[in-house]
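Asker: Here is my input; please provide its structure:
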Amino acid sequence: MLNNMTDCEEGEGGPNSQGDGNPKESSPFINSSAATNMDKSQQYDGNNMALFEEEMDTSPMVSSLLSTLANYSNLPTGSKEHEEAENNEEGSRPSKKPAPQLGTLMGVYLPCIQNIFGVILFLRMTWMVGIGGVFGSFIIVFMCCSTTMLTAISMSAIATNGVVPAGGSYYMISRSLGPEFGGAVGICFYLGTTFAGAMYILGCIEILLIYIVPQAAIFKIEGLEGPEAEAALLNNMRVYGTIVLSLMALVVFVGVKYVNKLALVFLACVILSILSVYAGVIKTAIDPPVFPVCLLGNRTLLSKGYDVCAKVIEIDNETVTTKLWRSFCDSEYLNATCDEYFNNNNVTEIQGIPGVTSGILAENLFGNYLEKGMILEKRGLVSDVDPDSPTTSSNRYVLADITSFFTLLVGIYFPSVTGIMAGSNRSGDLRDAQKSIPIGTIAAISTTSTVYMSCVVLFGACIEGVVLRDKFGEGVSGNLVIGTLAWPSPWVIVFGSFFSTCGAGLQSLTGAPRLLQAISRDGIIPFLRIFGHGKANGEPTWALLLTASICEIGIIIASLDSVAPILSMFFLMCYMFVNLACALQTLLRTPNWRPRFKFYHWALSFLGMSLCLSLMFMCSWYYAIVAMGIATCIYKYIEFYRAEKEWGDGIRGISLSAARFALMRLEEGPPHTKNWRPQILVLVSMDAEQNIEQPRLLSLTNQLKAGKGLTIVGTCVQGTFLDNYTEAHKADQSLRKLMETEKVKGFTQVVISSNLRDGTSHLIQVGGLGGLKHNTVMVSWPRNWKQPECHQEFRNFIEVVRETTIASIALLVPKNISSYPSNGERFTEGHIDVWWVVHDGGMLMLLPFLLRQHKVWRKCKMRIFTVAQMDDNSIQMKKDLITFLYHLRIDAVVEVVEMHDGDISAYTYEKTLIMEQRSQILKQMHLTKNEMEREVSQEPSYYLNQTDVRRMHTAMRLNEVITKKSKEAKLVLLNMPGPPKNRVGEENYMEFLEVLTEGLNRVLLVRGGGREVITIYS
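Answerer: Numbering: from 1, shown residues only. The predicted structure follows:
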């Protein structure tokens, strides 16, 4: 059944894709139709499996599943499928996909060879050796090749850890590091591949216009000098580059099958060109070719500036001046006025390719970096030059076109070692991907590295230094420098490199749109979804259009030396994350990390990652920052839009490991007062539809979260776990939805219990994990506690107060919670009033500070009131409190309220009596029939408890003062008295609190947890 999945469900990652690209219902491991479609009598023949027959609907038998697992295929939507789709008749049923047949050689080794060898080898390698020297160039090549080899080792481990469908490196990184990293690095890899296409096209045009048909230039370079000649060359590159790009895009659009059929031809051109270079090296040892270079003093002359390498020649016993003479003198006569340097120095002709046995290697061993406009000079030759006189006739010499330095060479060279992902990108076409990818990729890198390193040494041993530094062959009659070494003819290299760059450009324009299509179909970057669509056969038309547009940016830059470092950045970032993915998977030791390739180690991966990062900043620090900025923006974009993908990635593994480590550290002891922050357990109640009855509790929680502590939103579902699991799940979803709406970051916890009282107690006891437990409980004030049917509600509330007191947990009780502001409201003025009656560890001071960090309460001022008794010095109290707040760094207005002992009023007695009578009525409501008869037979007692009278008196006096001072306050915080120690008089406790807060709109009752939560120390 798995072979009949749609393209979206295969490795491209459709909107419903998860993990390995299969929706859960299509996974071969569960709910397989192979089991459900068979007759059960056939499955359990002889009733040998009767013990498990009730589970067969969800867990199929292994015997019915093995064939599906053994034939599991996850082919990418590659070129073969596109060719089949094009060849199928419209409306006809597509033929069954053939089994992949490619082996290591054709499937991995040769594609990697073709992608690694490219334009830099033919156009810039000799120049790099001449500028950097054999020693410096060897270091660059060794460093870059080591980076790709280490990356290939990491990639081999990842690629052999299961099936790698389409997307290649993008798939590996996204499934190893998660959608955020995968999307960011996937886009970087896409941009690198796209700019590689631009680089190959520019190389193709450079070969065409400089070495094959210079007369085809639209902007003529003849007669122009300096910046004008450079601008004309770049404009030619732009015009022809745009034309070639359009033609290549058209070829790719018409059909990718043509590109694939030409691939072997282009590969043959590359191999033939390289072999001709080695043949030329051997020939130089026997018979060096004749490529003379003309020097004036030690300066290299332009070959087009002379016909004979001499100042004068003898014709019929007569001395005649040459073209070279006329270039430096004001007339052709011998008595003409000539350039001073020309007069003082002789003209010499040296051999451009002295041969491998000439000993020129010693001269080319070290670098010779040049500033832009400097004249190419031969080492070891003495010239007569006046240091005070300015250089004249500089346009007659071969000049350096750019300022060169070591790190520039690294950036220009690195693209020549990219292309190592070609094998992994074709994993679906391989007969045995887990065997072919490591062997083919590592063998290809070993081969190309050997070629590159040997070329560095051989170029330095065969070619004269001034010729090596002559980037465009201006001193050797306009020949391609590497072509001068080739045998049997320079044209072998010229045409071979031309066709190989064309082929590489076509490959880039073929691969980049498919990579973008794979990213788009994964659905992790919403604005790219349009690029997942294409023609009926799956060709990514829109992605091709975008790729060509981005490629045109590289064409407009027009300089090969400027484009190369750009794509180096993107490839290096991709390789860096491949190494990171392998290192993380190895260190985390996830059970699913079982690669068949065993020759890897996390230290090698970290070394590769470090090399990639070093090379990025070595090539160009500002390009590196831009590339990282692009990747960071994409990462944050995916994170912001919350890509709902669970791929079992390594970042989640890091999070689990880091969480475990942090939790174990938290177990070492309670946090210091400086680190204390409210870790809130919010207790909410649900209605019959499992909707939250007090949503504003979460609004208040969000407004308190300037402390960035833990938040757990808990509720209780009444019943048994077996019967009420569905309701609990629904309640959990409601909590998550409301938390997302209110932007509360935290966790949900739903407990199923036989009664709400026990469920709430369980939440308080077991909420949190290890050292990350709640230290504060927030519960809403029971609104209708006076109604007889709600008596159990306020008893549960009082039990919460008792339990938090015993557990030394702080308690926050917002009263009139429905009147609290939502997160969208703003107070433009007003006060937050704190009534500090008893010391609670500083909670009353800390909470207003946290609230004022939120935009809802930011404009409110803080006032602190404290109560002075008869024998207190209120003036001194105020001074002390102001000093204390100063040390706490809290800005607040301080006021001391004096409460004189007064007579207990008749109204107080009346309120207390009403309270006692209500308690008596409530008590009688719950008496049995016998107890009620016994109660009636006794005479009613109207004796008032003097303790209750005093408490009522305090509550009324405090309420009178608070109402007077804080009637218009936006929020009033005050100490919450402790509950009664015995069960008698619980209704009285509620009445005291009701009287205490009467007439106030928003009240937050605060009960400390028995420890200091705020300190004056830093």
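Asker: Who are the contact partners of Leu458?
Answerer: 277-278, 281, 356 (Cβ atoms under 8 Å, 6 or more residues apart in numbering). Using the backbone N, CA and C atoms, a C-beta is placed for each residue, glycine as well.
Asker: Look up which helix or strand it falls in, please.
Answerer: Assigned by DSSP states H and E, Leu458 belongs to helix 433-462.
Asker: And the average pLDDT for that helix is what?
Answerer: The average pLDDT within helix 433-462 is 92.
Asker: Then stretch 636-655?
Answerer: 68.
Asker: Would you mark the buried spots in stretch 823-841?
Answerer: For stretch 823-841, burial by neighbour count (16 or more other Cβ atoms under 10 Å) applies to 823, 827, 831-837, 840-841.
Asker: hmm, back to that, just put the contacts of Leu458 in a markdown table and tack on distance to Lys311 and pLDDT.
Answerer: Converted to a markdown table, these look like this (distance: Cβ to Cβ, whole Å; pLDDT from 0 to 100):
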| residue | distance to Lys311 | pLDDT |
| --- | --- | --- |
| Val277 | 36 | 92 |
| Tyr278 | 39 | 93 |
| Val281 | 35 | 92 |
| Val356 | 33 | 88 |
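Asker: of all the buried residues of stretch 823-841, which comes closest to Trp542?
Answerer: Asn823 (40.0 Å; Cβ to Cβ).
Asker: got a list of what that closest one touches?
Answerer: Here Asn823 is in contact with 699, 702-703, 742-743, 856 (Cβ under 8 Å, 6+ apart).
Asker: re the thing from before, compare the contacts of Leu458 and tell me which has the most neighbours.
Answerer: Val277 (25 neighbours; other Cβ atoms under 10 Å).
Asker: Next up, the contacts around Ile630.
Answerer: Ile630 neighbours (Cβ under 8 Å, 6+ apart): 187-188, 191.
Asker: PyMOL command to pick out the buried ones of the residues you listed?
Answerer: Selection command for PyMOL covering only the buried members of those, criterion 16+ other Cβ under 10 Å:
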select buried, resi 187+188+191
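Asker: before we move on, back to that, now go through the buried residues of stretch 823-841 and say which are in helices.
Answerer: Using DSSP state H, no member of the buried residues of stretch 823-841 sits in helices.
Asker: Counting only strands, which of those residues make the cut?
Answerer: Within those, residues falling in strands by DSSP state E are 831-836.
Asker: and which of these is nearest to Met573?
Answerer: Ile832 (49.2 Å).
Asker: so what's the closest one up against?
Answerer: 848, 851-852, 857, 860-863, 969-971, 973.
Asker: Please, which helix or strand holds Phe135?
Answerer: Phe135 belongs to helix 125-159, assigned by DSSP H and E.
Asker: Poorly predicted segments of the stretch 101-250 of the chain, please.
Answerer: Across the stretch 101-250 of the chain, residues meeting the criterion (pLDDT under 70) sit at 163-169, 223-226.
Asker: in this protein, which residue is closest to the centre?
Answerer: Phe181 (3.1 Å; Cα atoms, centre = their mean).
Asker: separation between it and Arg594?
Answerer: For Phe181, the distance to Arg594 equals 22 Å [Cβ to Cβ, to the nearest Å].
Asker: so where do the helices sit in the stretch 301-450 of the chain?
Answerer: 323-328, 340-344, 406-413, 422-425, 433-462 (DSSP state H, counting those that start in this stretch).
Asker: Quick check: mean pLDDT of the first one?
Answerer: Meaning helix 323-328. The model assigns helix 323-328 a mean pLDDT of 86.
Asker: Quick check: closest non-adjacent residue to Gln519.
Answerer: For residue 519 the amino acid is Ile, not Gln. Nearest residue to Ile519 in three dimensions, chain neighbours excluded: Gly186, at 4.7 Å (Cβ to Cβ, 6 or more residues apart in numbering).
Asker: which ones are touching that neighbour?
Answerer: 167, 170, 173-174, 515, 518-519.
Asker: Just give me the closest of these to Gln101.
Answerer: Gly167 (21.5 Å).
Asker: quick one: stretch 961-970 to chain centroid distance?
Answerer: 52 Å (Cα atoms, centre = their mean, to the nearest Å).
Asker: follow-up on the earlier one: which ChimeraX command selects the buried ones in the contacts of Ile832?
Answerer: Remark: buried members of the contacts of Ile832, expressed as a ChimeraX selection using 16+ other Cβ under 10 Å:
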select :848,851,852,857,860,861,862,863,969,970,971,973
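Asker: Can you tell me which of the contacts of Ile832 is nearest Phe531?
Answerer: So of these, ranked by how close each gets to Phe531 (Cβ to Cβ), first place is Trp857, at 45.7 Å.
Asker: any idea which helix or strand comes after the helix or strand the residue nearest to the centre of the chain falls within?
Answerer: Per DSSP H and E, Phe181 falls inside helix 179-206. Under the assignment DSSP H and E, the closest C-terminal helix or strand after helix 179-206 is helix 226-254.
Asker: same for that next one, what does it pack against?
Answerer: helix 179-206, helix 256-286, helix 490-522, helix 541-557 (3 or more Cβ pairs under 8 Å, 6 or more residues apart in numbering; DSSP states H and E).
Asker: ranking these by burial, who's on top?
Answerer: Among the helices and strands packed on helix 226-254, ranked by average contacts under mean count of other Cβ atoms under 10 Å, first place goes to helix 179-206 (a mean of 27).
Asker: Could you verify my assumption that Leu1005 touches Gly978?
Answerer: No: counting by Cβ atoms under 8 Å, Gly978 is not a contact partner of Leu1005; they are 11.6 Å apart.
Asker: Look at those two and report which has more neighbours.
Answerer: Leu1005 (20 against 12).
Asker: Distance of that one relative to Glu464?
Answerer: Distance from Leu1005 to Glu464, by Cβ to Cβ: 92 Å.
Asker: And Pro848, by the same measure?
Answerer: Distance from Pro848 to Glu464, by Cβ to Cβ: 82 Å.
Asker: what's the closest non-adjacent residue to Gly118?
Answerer: Nearest non-adjacent residue to Gly118 (Cβ to Cβ, 6+ apart): Ala504, at 5.2 Å.
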